[in-house]
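**Student:** Mind looking at a prediction? Sequence and model below.
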Amino acid sequence: MERLRSQGPMTVEAYMEACNTYYYATRDPLGAGGDFTTAPEISQMFGELVGAALTDVWRRAGAPANVRYVELGPGRGTLASDALRVMRSAGLSPPVHLVETSPTLRQAQAALLGDVTHHDAIGDLPGDSPLLVVANEFLDALPIRQHVGSAERHVEWIGTGLAFDRDGEIVETSPARDEAVRALSEGLVALGGVALVIDYGHARSARGDTLQAVRSHRFAPVLDSPGENDLTSHVDFQRVGEVAQDAGAFVAGPVEQGAWLERLGIQARARALANASPARAGEIEAARARLCRPDQMGSLFKVLAIHSPEWPKPAGL
């Protein structure tokens, strides 16, 4: 607000970046006591199947001994914990590298995972070995630009509150997202490896306003309480694929999350967990349904793989 008063209107991109930088640096936003819940927090099955998919593609790539596990925006480390458990049971125990800027979440990740190496950006990752990368709900939090016609949309201070300076048919772009995908893809082409990008969004580029705010597991007005809400936008998977291919990487997908998990065997895993813990059978089935059903996370969330030309595409895509 002080910036708006002193410097005038700021772009939607600058507003989103400022809000999310403060938001993620000052709290653990996950779980029942936070603002939102991600797939790994819903069920161990999600992370386990991610780990199985990475192990499978690693084996089909010739099982290189020096591979690293990398996660972008790993939350509390829940997904990594479940994925690595499966990978280690299959004989793959890679060093763990996490791209995370939040001090609060870094502490939680280290407590859960033990020996990890943190990085501030994708470009800081080691450049000497193939990468097994997971980016679950990472791209949606990167700042976007919005245009109405040829004019960029801004946030301004009017009277006693915040407002957008223009409305109309909106076109969204994200230079920050493009930069992240390009850096990731160039690393995979140079080093070998694969990335699983899992997020909510649309398979084809489309016009429209997808900027949203979430607080206490409910949608909130985007301009209310700056820095106290989680601001995200839908990922344009067509654009992600184009940027990756322009960098020389191969792309598979996107496919809907529900279909992908079903192809990887989530029903069989759910049955095994229910047989081992009959008292939790209802809970396990509810989690599977939440991850897979089209009216829950199954259709809105997509899975796209980016891989080096020398590596095969992951299963399920």
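**Tutor:** Perfect, thanks for sending it.

**Student:** Check the burial of Pro117 by counting its neighbours.
**Tutor:** No Pro there; residue 117 is Thr. Using other C-beta atoms under 10 Å, the number of residues around Thr117 comes to 13. Placement of C-beta: from N, CA and C, glycine included.

**Student:** And the closest residue to it other than its chain neighbours, how far from Trp157?
**Tutor:** Spatial nearest neighbour of Thr117, chain neighbours left out: His97 (4.9 Å); criterion: C-beta to C-beta, 6 or more residues apart in numbering. His97 is 41 Å from Trp157, where distance means C-beta to C-beta, to the nearest Å.

**Student:** Looking at the two, which has the bigger crowd around it?
**Tutor:** His97 (20 against 17).

**Student:** A helix includes the residue nearest to Thr117, no?
**Tutor:** No. Counting by DSSP: H, G, I helix; E, B strand; the rest coil, one finds His97 to be strand, located in no helix.

**Student:** which ones are touching it?
**Tutor:** Going by C-beta atoms under 8 Å, 6 or more residues apart in numbering, His97 touches 68-71, 116-119, 125-126.

**Student:** Run through the bridge partners of it.
**Tutor:** Val70, Thr117 (DSSP bridges).

**Student:** coming back round to it: check the contacts of His97 and tell me the two furthest apart.
**Tutor:** Glu71 and Pro126 (14.3 Å; C-beta to C-beta).

**Student:** So between those two, which is more surrounded?
**Tutor:** Glu71 (27 against 14).

**Student:** doesn't Pro94 make contact with that one?
**Tutor:** No. Using C-beta atoms under 8 Å, Glu71 makes no contact with Pro94, being 11.4 Å away.

**Student:** Touching, Gly73 and Ala141? I think so.
**Tutor:** Yes. Shown here, Gly73 and Ala141 form a contact pair, counting by C-beta under 8 Å, at 7.0 Å.

**Student:** The two: who's more crowded?
**Tutor:** Gly73 (21 against 18).

**Student:** tell me the contacts of that one?
**Tutor:** 99-100, 135-138, 141.

**Student:** repeat for Arg271
**Tutor:** No contacts exist for Arg271 under C-beta under 8 Å, 6+ apart.

**Student:** what's the helix or strand for it?
**Tutor:** Element membership for Arg271 (DSSP states H and E) is helix 266-276.

**Student:** buried residues in that helix?
**Tutor:** 266, 269-270, 273-274 (16 or more other C-beta atoms under 10 Å).

**Student:** which of the residues you listed lies closest to Ala90?
**Tutor:** Arg269 (14.6 Å).

**Student:** so that closest one makes contact with Met45?
**Tutor:** Yes. Between Arg269 and Met45 there is a contact at 5.1 Å, judged by C-beta under 8 Å.

**Student:** Now do the biggest strand by length in the chain, average pLDDT.
**Tutor:** Ordering each strand of the chain by length in residues (DSSP state E) puts strand 193-202 first. Average pLDDT, strand 193-202: 98.

**Student:** chain center to stretch 121-132, what's the gap?
**Tutor:** Distance, stretch centre to chain centre, for stretch 121-132: 17 Å (C-alpha atoms, centre = their mean, to the nearest Å).

**Student:** Tell me, how many residues neighbour the closest residue to Ala213 other than its chain neighbours?
**Tutor:** Closest residue in space to Ala213, ignoring its immediate chain neighbours: Asn229 at 3.9 Å, by C-beta to C-beta, 6+ apart. Look at Asn229: counted by other C-beta under 10 Å, it has 23 neighbours.

**Student:** ok, now Val255?
**Tutor:** 17.

**Student:** Make sure it is actually in contact with Ala305.
**Tutor:** No. The pair Val255 / Ala305 is not scored as a contact, 9.4 Å apart, by C-beta under 8 Å.

**Student:** can you list residues touching both of those two?
**Tutor:** Common neighbours of Val255 and Ala305 (C-beta under 8 Å, 6+ apart) are Leu317.

**Student:** Please settle this for me: is Ile284 part of a strand?
**Tutor:** No. Counting by three-state DSSP, Ile284 falls outside a strand, being helix.

**Student:** Would you confirm that it contacts Ala272?
**Tutor:** No. Assessed by C-beta under 8 Å, Ile284 is found out of contact with Ala272, at 9.5 Å.

**Student:** hang on, the earlier thing: tell me the one among the buried residues of helix 266-276 nearest to Tyr200.
**Tutor:** Ile266 (18.3 Å).

**Student:** Tell me how far that closest one lies from Met45.
**Tutor:** Counting by C-beta to C-beta - Ile266 and Met45 are separated by 6 Å.

**Student:** anything in contact with each of those two?
**Tutor:** Counting by C-beta under 8 Å, 6+ apart, the residues touching both Ile266 and Met45 are 288, 291.
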